[in-house]
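Novice: sequence and predicted structure are below.
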Amino acid sequence: MDEGRPIFQQIAERVENDILTGALSEEGQVPSTNEFALYYRINPATAGKGVNLLVEQGILYKRRGIGMFVAAGARERISARRREMFVLEYIAPMLAEAASLGITPHQISQLIEEETS
Amino acid sequence: MTSQNPVIQVDDLTRSYRDVAALQNVSFALQPDIICGLLGRNGAGKTTLMRMLTGQDFPSSGTARMFGENPVENSAVLQQICFVSEGQRYPDGYHARHVLAGAPWFFANWDAAFADALVDKFRLPLKRDVKKLSRGQQSALGVILGLASRAPITIFDEPYLGLDAVARQIFYDALLADYAENPRTILLSTHLIDEVSNLLEHVLVLDEGRLLLDQDAESLRGSASAVAGRAGDVDSFAEGRRVLHRDTLGGLATVTISGRLTPADHRAATAAGLEIAPVSFQQLIVDLSTHPDRRPAVASVAYE
Amino acid sequence: MTAISTDPAVARTGTPRRITNVMRLHLVNRVTYIGIPWIITAVALGISIIVALLIVASVSGPDQQVALEGMGYSWAVLSPLWYLAVVGVQAVNAVFPFALGFSITRREYALGTLLTYVAMAAFNATGWAILTEIERAINAAGVTFHHFTALWFADAGVGTVWLSLFSLQLLIFAVTSAFAAVYARWRALGMVVLWVAVAVVLIGIVAFAVLTGTAPPIIDWLFGLSTASLFAALLVPAVLAFALGWLALRWAPLRG
């Protein structure tokens, strides 16, 4: 666990990661709140908060008396949002840093192509 | 989160020993079925507070209410509480098996099978005088009592003294697993903050007899940041913010800033060439407890 | 999930039950209350027998009978009682904080401890009284030996023997517990005050006797009592000491 951030967010991210990698499949059951709590050694209420965050976002849904499942289309929704975040978290700061170093967007494209070729 | 009646309610609680105030005007309320950490340095008043919650000691002024009632000589209330005291004394000649045999006579929810399983896990010798057990084995006995009693309010006062890292992990895991199955209110005093911080839902911090912090654990995480860079840049960034701690090294400075930073703050800091790092739970508590502005103005406050 | 009731109005275990459970807690380790007093009894009896055999072996003629009769002044029967002082102190120093750790109220602890004292005093007194009767039967059969038939026992009925042993034990339990309780509450200062108070009472009695040339009425009254009444009267200071102990413990904070 990362010390500097609320744990429930980190739990939600880990579940999302597992959905993205396919470790948790759509319509598949996810572990219970208590199982998360014991596995990650965190407070069950905190684990529950993380899971509920995903329920609110429609990534997971509850089946009364059975448990928690991954919603259909969850994977696509997560990757769409992550793509938006990618722009915010990586592209925008990169452009800002590049501007301060006098690197033009065109030069950045060239650098990227060199790196990936 | 539904708001229920608090299980523990403390109002303006003060305990003085002659002219030494062990606890001063402490007030807080705890909701049921949470794991709450009671943190603070040695002599901060943690044990004193716990003794007053359990009717073992008496307030000089103010009140402590458990389930809405005064715990002093209140049998109906006290039998819902198990207080595992760090310095628990045992009569001469009592073996661990005697102690465990007596527990179900006073704790209605006692789970003997669970106690036996814990005895095995901790490898506690049952047929030896408790006074001849090692510090860690005595702690293990206390931990077993606290967990197997399944008391609606269970209070652990520094329950791990003398326990090695493996045994402490056994305790944390057993606590978490049993709490998940049987939710109840758990108050845990400790100064091994990093080890337990992930288990806590709520945090109380005492310092020199005063309550410094009464906060949801999750809201505390990430609520402070360490900003490092050239002293002048750091100080201008810190201006107008609550600084908990400041370190300097030559022309460089690191300050711990209270309050969550916005993305705009992050961009401003990066633009100014400053580095921002999260502050760990433990570091935050340490910074709070040593923050000069937090020192009570009354100079007569002393450690126990 | 197992529901754990958090309603204190529902007392899980009635107070009378908890009081008897305090007695069980005292007796969970039977060595302290039952084992050691009877080990001391057995050892003391063994010594008495050895002494009697030595007398028989080394003294002859009429002197032998005198010497054997002299064993009646040995007070040997009282030897286990001194150990009970240890029990009285331990009950407050160790069992009291232990009991509070088990969420027992001070009142439940005090009543349960009183019950334990009464039960143990009765148990021991019954045992020793039975042995006294056996010894009397042996004496009646013509063998002179005194271990249990000491002091006032010679002429007293079995009831008086029992009562005297019972009262003495309770007095020892109550007084030693009271001292330990006063220490627990007021520490060294309490001890000083208590000892001074005891000394003042004793000096007062002596001063009264010296100044007036007569014993105080209470002493006269005590000497006028029958053996049984005298020992029954010992229960009064026992009860007073127990009350003092309770008053001290009622507001005694538990310290580290």
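Specialist: Looks like it arrived, so ask away.
Novice: and the stretch 51-200 of chain C, which residues reach chain B?
Specialist: Selection of the stretch 51-200 of chain C residues close to chain B by C-beta under 8 Å from any C-beta of the partner chain yields C:90, C:93-95, C:97-98, C:100-108. C-beta: built from backbone N, CA, C; applies to glycine.
Novice: generate a ChimeraX selection restricted to the buried entries among these.
Specialist: Remark: buried members of those, expressed as a ChimeraX selection using 16 or more other C-beta atoms under 10 Å in any protein chain shown:
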select /C:90,93,94,95,97,98,100,101,102,103,104,105,106,107,108
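Novice: out of the residues of the stretch 51-200 of chain C next to chain B, which sit inside helices?
Specialist: Cross-referencing those against helices under DSSP state H gives C:90, C:97-98, C:100-101, C:106-108.
Novice: what residues does residue B:75 make contact with?
Specialist: By C-beta atoms under 8 Å, 6 or more residues apart in numbering or on different chains, the contact set of residue B:75 is C:11, C:15, C:18, C:105, C:107-108.
Novice: look up how far residue C:242 lies from it.
Specialist: Distance from residue B:75 to residue C:242, counting by C-beta to C-beta, to the nearest Å: 21 Å.
Novice: how does chain A divide into domains?
Specialist: A:7-73, A:75-116 (automatic domain parsing).
Novice: which of those domains has the lowest mean pLDDT?
Specialist: When those are compared by mean pLDDT, domain A:75-116 comes last with a mean of 89.
Novice: residue C:173 and residue C:124 touch, don't they?
Specialist: No: look at residue C:173 against residue C:124 with C-beta atoms under 8 Å: they stay out of range, at 10.8 Å.
Novice: next secondary structure after the helix or strand of chain C with the lowest mean pLDDT?
Specialist: Least confident helix or strand of chain C, by mean pLDDT, DSSP states H and E, is helix C:217-223 with a mean of 78. With elements assigned by DSSP states H and E, the helix or strand that comes after helix C:217-223 is helix C:227-250.
Novice: list the contacts of that following helix.
Specialist: C:92, C:96, C:106-107, C:109-110, C:114, C:152, C:156, C:159-160, C:163-164, C:166-168, C:170-171, C:173-175, C:177-178, C:180-182, C:184-186, C:190, C:222, C:225.
Novice: who are the packing partners of whichever strand or helix holds residue C:197?
Specialist: Using DSSP H and E, residue C:197 sits in helix C:158-212. With contacts defined as 3 or more C-beta pairs under 8 Å, 6 or more residues apart in numbering or on different chains; DSSP states H and E, helix C:158-212 has these neighbours: helix C:79-90, helix C:106-140, helix C:217-223, helix C:227-250.
Novice: what residue of chain A is the furthest out?
Specialist: The C-alpha centroid of chain A is most remote from residue A:102, which lies 32.9 Å away (C-alpha atoms, centre = their mean).
Novice: same thing with chain B?
Specialist: residue B:271 (39.5 Å).
Novice: which residues does it contact?
Specialist: Contacts of residue B:271 by C-beta under 8 Å, 6+ apart are A:96, A:100.
Novice: just residue B:146 next, same as before
Specialist: B:82, B:84, B:154-156, B:159.
Novice: just to revisit the earlier point, dump the helices and strands packed on helix C:158-212 into JSON lines; add distance to residue A:32 as well.
Specialist: Converted to JSON lines, the helices and strands packed on helix C:158-212 look like this (distance: least, C-beta to C-beta, whole Å):
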{"stretch": "helix C:79-90", "distance to residue A:32": "50"}
{"stretch": "helix C:106-140", "distance to residue A:32": "41"}
{"stretch": "helix C:217-223", "distance to residue A:32": "76"}
{"stretch": "helix C:227-250", "distance to residue A:32": "49"}
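Novice: tell me, how many residues neighbour residue 47?
Specialist: If you meant another chain, say so; for now it's chain A. 24 (other C-beta atoms under 10 Å in any protein chain shown).
Novice: can you look at chain B instead?
Specialist: 24.
Novice: likewise for the one 4 residues further on?
Specialist: If you count neighbours by other C-beta under 10 Å, residue B:51 ends up with 25.
Novice: same check, this time on residue C:16
Specialist: 10.
Novice: SS state for the residue of chain A found nearest chain B?
Specialist: At 1.7 Å from chain B, residue A:4 is the closest residue in chain A, using C-beta to the nearest C-beta. Per DSSP: H, G, I helix; E, B strand; the rest coil, the local secondary structure of residue A:4 is coil.
Novice: separation between it and residue B:282?
Specialist: Distance from residue A:4 to residue B:282, by C-beta to C-beta: 12 Å.
Novice: can you give me every residue that contacts residue 71?
Specialist: Let's take chain A. A:26, A:58-61.
Novice: if you could check chain B rather than the one you did, that'd help
Specialist: Residue B:71 neighbours (C-beta under 8 Å, 6+ apart): B:53-55, B:64-65, B:77-78, B:81.
Novice: and the residue of chain A that's closest to chain C?
Specialist: residue A:34 (9.5 Å).
Novice: surely residue C:99 touches residue C:107?
Specialist: No: under the criterion of C-beta under 8 Å, residue C:99 is not in contact with residue C:107, lying 11.2 Å apart.
Novice: so what's in contact with the two at the same time?
Specialist: With C-beta under 8 Å, 6+ apart, residue C:99 and residue C:107 have no common neighbours.
Novice: which bits of the stretch 101-250 of chain B sit near chain C?
Specialist: Going by C-beta under 8 Å from any C-beta, the residues of the stretch 101-250 of chain B near chain C are B:101-103, B:105-109, B:150-152, B:181-185.
Novice: what about those, which are in helices?
Specialist: Per DSSP H, helices hold the following members of those: B:101-102, B:181.
Novice: from the residues of the stretch 101-250 of chain B next to chain C, list the buried ones, please.
Specialist: For those, buried by 16+ other C-beta under 10 Å: B:101-103, B:105-109, B:150-152, B:182-185.
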